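K.L.:
generate coordinates for the sequence data below:
(one chain, ligands or ions: 1)
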Amino acid sequence: MVIELTAQYMGLTLKSPIVVSSNPLCDSVEQIQRMEAAGAGAVVLPSLFEEQLTIKDMDLDYYLEHHPDALPDQLRFAPDMKRHNRGADGYFAHLYRTRNETDIPIIASLNGATDGGWVRYAQMLEGVGASALELNIYHLPARFTESGAHIEQTYLRLLRDVKLRVSIPVAVKLSPYFSSLPHMVSQLADAGADAVVLFNRFYQPDIDLETETVLPNLQLSNSAELRLRLRWVAILHGHIPIDMAVTGGVHSGGDVIKSLLAGANAAMMASALLKHGPDHIATVLREAETWMTTNGYKTVPELIGRLSQQHAPDSTAFERANYIQALNSYEQESS
Ligand SMILES: Cc1cc2nc3c(=O)[nH]c(=O)nc-3n(C[C@H](O)[C@H](O)[C@H](O)COP(=O)(O)O)c2cc1C
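P.N.:
All right, here's what the predicted structure looks like:
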């Protein structure tokens, strides 16, 4: 049986539903070419950060070096991200080169939390050849005076501002921490989002007991993290007029298939490629093809949403009833 892996994601035609999400491998054209050869449908470049763009816009390099105390903490402690994304100028050159030396869609990523002048870089990314934009809104609500409603309005303003400036598709990458994710996602759809990417992983800082300091801590994911994504994609599928991509915990062909069955249009990978290398995409695609052959599926669209909440044999499987069932199903290991 011939399997057709072509997928559609926010108007882009992808040769497979695997999209490489933002990660350091995407900072190298050679690695991107390897991932393309292994079957990646598209690649998201590492993010350009609001803080970087604000520093560049305001010509603050001098202050950072000579008068850091004059700057707000957010900028004073903003790390130099050149190693991650080559800096704002290097980013455009990298996008341009990647665009010219590959044949798959290249998605640029803007990462911020507040609306402001930095958003105009979206236009430049489109000008340099990005096929689409991923807007990663990574906000950590640590202010006691800020309400959930206020945060949601900021997200919507930010998205509208970006959408006004570009004609390429825009996906919004979100965290799972909303009081009502379905309401938030439908508001984003109304505000013009072409897709949502679910979910950002929050890297929790750790405390080093030796040095009594707080450490940044990045651990790669595992497949167990996929479940949170599956639940929400399954609940949203069929109720919102925009596409969805899963990011977080996609490591195997089975994980890709599960993401599609729940209702995603694309499955994104980062940790597994950092662990196993770019060629791992070919292995994952082979596993997915084998599953499709065994189970009688020929194309990706046949899979999408087949086990979403709307279509699952038991529609309560994704809701509170499942929580009660799960508690009830626990069997204590015999000691
Ligand atoms: C080292 C590293 C760097 C990352 N950099 C970015 C980034 O610049 N922008 C972004 O939106 N996500 C970034 N991510 C998050 C990934 O794109 C992805 O959403 C997350 O790791 C979950 O997917 P995974 O389980 O496949 O790793 C990064 C992840 C890792 C591990």
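K.L.:
quick one: name the residues of the stretch 201-335 of the chain near the ligand.
P.N.:
Contact residues, the stretch 201-335 of the chain versus the ligand (CB under 6 Å from any ligand atom): 201, 218, 220-221, 225, 247-250, 269-272, 274. No exception for glycine: its C-beta is placed from N, CA and C like everyone else's.
K.L.:
repeat the analysis, applying 5 Å as the threshold.
P.N.:
Residues of the stretch 201-335 of the chain that fall close to the ligand, judged by CB under 5 Å from any ligand atom: R201, S221, T247, G248, G249, M269, A270, S271.
K.L.:
could you dump the residues you listed to JSON lines with secondary structure?
P.N.:
Shown next, in JSON lines, are those (DSSP: H, G, I helix; E, B strand; the rest coil):
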{"residue": "R201", "secondary structure": "coil"}
{"residue": "S221", "secondary structure": "coil"}
{"residue": "T247", "secondary structure": "strand"}
{"residue": "G248", "secondary structure": "coil"}
{"residue": "G249", "secondary structure": "coil"}
{"residue": "M269", "secondary structure": "strand"}
{"residue": "A270", "secondary structure": "coil"}
{"residue": "S271", "secondary structure": "helix"}
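K.L.:
ok but H239 is inside a helix, no?
P.N.:
No. Under the criterion used here (three-state DSSP), H239 is coil, not part of a helix.
K.L.:
roughly how far apart are it and G148?
P.N.:
H239 sits 21 Å away from G148, going by CB to CB, to the nearest Å.
K.L.:
just for the stretch 1-150 of the chain, where's the confidence low?
P.N.:
Along the stretch 1-150 of the chain, segments meeting pLDDT under 70 span 56-81.
K.L.:
and the helices in it?
P.N.:
29-38, 50-57, 61-66, 73-76, 82-85, 87-101, 121-128, 148-165 (DSSP state H, counting those that start in this stretch).
K.L.:
quick one: closest of those helices to the ligand.
P.N.:
helix 82-85 (6.2 Å; CB to the nearest ligand atom).
K.L.:
show me what that closest one is packed against.
P.N.:
Helix 82-85 sits against strand 42-49, helix 87-101, with contacts defined as 3 or more CB pairs under 8 Å, 6 or more residues apart in numbering; DSSP states H and E.
K.L.:
ranking these by burial, who's on top?
P.N.:
When the helices and strands packed on helix 82-85 are scored by mean count of other CB atoms under 10 Å, the highest mean neighbour count falls to strand 42-49 (a mean of 25).
K.L.:
touching the ligand at all, that one?
P.N.:
Yes. Judged by CB under 5 Å from any ligand atom, strand 42-49 comes into contact with the ligand at P46, S47.
K.L.:
so what touches that strand?
P.N.:
If you take CB atoms under 8 Å, 6 or more residues apart in numbering as the criterion, strand 42-49 is touched by 9, 12, 14, 19-24, 26-27, 32, 35-36, 78, 81, 84-85, 88, 91, 94-95, 98, 102, 104-112, 121, 125, 131, 134, 136, 266, 268.
K.L.:
now which of those residues would you call buried?
P.N.:
9, 12, 14, 19-23, 26-27, 32, 35-36, 78, 81, 84-85, 88, 91, 94-95, 98, 102, 104-112, 121, 125, 131, 134, 136, 266, 268 (16 or more other CB atoms under 10 Å).
K.L.:
ok, back up a step: out of the helices of the stretch 1-150 of the chain, nearest to L174?
P.N.:
helix 148-165 (8.2 Å; CB to CB).
K.L.:
tell me the residues on the stretch 1-150 of the chain that lie near the ligand, please.
P.N.:
Checking the stretch 1-150 of the chain against the ligand by CB under 5 Å from any ligand atom, the hits are S21, S22, N23, P46, S47, N136.
K.L.:
next up, the contacts around A312.
P.N.:
By CB under 8 Å, 6+ apart, the contact set of A312 is A234, F318.
K.L.:
oh sorry, the question was meant for V250
P.N.:
Here V250 is in contact with S223, L226, V256, S259, A267, M268, M269, A272 (CB under 8 Å, 6+ apart).
K.L.:
which pair in the residues you listed spans the largest distance?
P.N.:
Pairwise over those, using CB to CB, the maximum falls at S223 and M268, 13.8 Å.
K.L.:
give me the pLDDT for K258.
P.N.:
Per-residue pLDDT puts K258 at 98.
K.L.:
surely it meets S223?
P.N.:
No. K258 is beyond contact range of S223, at 9.1 Å (criterion: CB atoms under 8 Å).
K.L.:
between the two, which one's more packed in?
P.N.:
It is K258, of K258 and S223, that has more neighbours when counted by other CB atoms under 10 Å, with 25 against 16.
K.L.:
assumed the more buried one was part of a helix.
P.N.:
Yes. Assessed by three-state DSSP, K258 belongs to a helix.
K.L.:
how about the contacts made by the spatially closest residue to it that is not a sequence neighbour?
P.N.:
Nearest residue to K258 in three dimensions, chain neighbours excluded: L230, at 5.9 Å (CB to CB, 6 or more residues apart in numbering). Counting by CB under 8 Å, 6+ apart, L230 makes contact with V246, K258, S259, A262.
K.L.:
farthest-separated two in those?
P.N.:
V246 and K258 (8.7 Å).
K.L.:
next, show the common contact partners of the two.
P.N.:
L226, L230.
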